[in-house]
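**Student:** 3D, please:
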Amino acid sequence: MKKAKGQGQATARINTNISGRYLDKVKPTLLKEAAQAALDQQRVRGKVEITVAITGDAQLRALNLAFRKINKPTDVLSFGLEPAEETDLSEERHYLGDVIISYPMARAQAKARNHPVEAELQLLVVHGVLHLLGHDHYKPKEKAKMWKAQSIVVRKIGAAITAPSE
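**Tutor:** Sure thing, here's the model as predicted:
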């Protein structure tokens, strides 16, 4: 892994799981770069691991219904793991959770916002990682804090975002 500017060796393991029908449309390196940048911006230290999955609307709809009781697809869902009580994380890798993204939703949002789908995917990865790290956007103060962090990361990685997300 590359060293992050001003930091020691990056220790995040970022796995990607891209559904077969999207393999030729998604560059795993862009997803990993976005996830690592979000972890760096939030000053996550230690050995952590996350998975970023790209799939379709049907899977996001099923997950949204099962876990949020909302029967429609969404663009991104994050599933964080609760840390085990009294676990010494100093020697082992800590799994933070999964970020699952709907490629069709990302493509539609990118088109509506007039920027590349790659940039939208990066934005959604950053958004999902911030959720794994405890950020939320249900209250105005929380949303402002999350959107600021998101904006910093997206600018840092040079994602070609032309319109803010809601």
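**Student:** so residue 25, which state does it fall into?
**Tutor:** coil (DSSP: H, G, I helix; E, B strand; the rest coil).
**Student:** verify the stated contact: residue 152 with residue 41.
**Tutor:** Yes: the pair residue 152 / residue 41 is scored as a contact, 5.8 Å apart, by Cβ atoms under 8 Å. C-beta coordinates here come from the backbone N, C-alpha and C atoms, glycine included.
**Student:** out of these two, which sits in the more crowded spot?
**Tutor:** residue 41 (19 against 15; other Cβ atoms under 10 Å).
**Student:** for that one, which non-adjacent residue is spatially closest?
**Tutor:** residue 153 (4.9 Å; Cβ to Cβ, 6 or more residues apart in numbering).
**Student:** pretty sure that neighbour is touching residue 33, no?
**Tutor:** No: judged on Cβ under 8 Å, residue 153 makes no contact with residue 33 at a distance of 10.1 Å.
**Student:** more neighbours: which of those two?
**Tutor:** For residue 153 versus residue 33, the count of surrounding residues by other Cβ under 10 Å is larger for residue 153: 26 against 19.
**Student:** what comes up buried for stretch 60-70?
**Tutor:** 60, 61, 63, 64 (16 or more other Cβ atoms under 10 Å).
**Student:** likewise stretch 150-158?
**Tutor:** When neighbours are counted by 16+ other Cβ under 10 Å, the buried residues of stretch 150-158 are found to be 150, 153, 154, 156, 157.
**Student:** for it, give the mean pLDDT please.
**Tutor:** Regarding stretch 150-158, the rounded mean pLDDT is 92.
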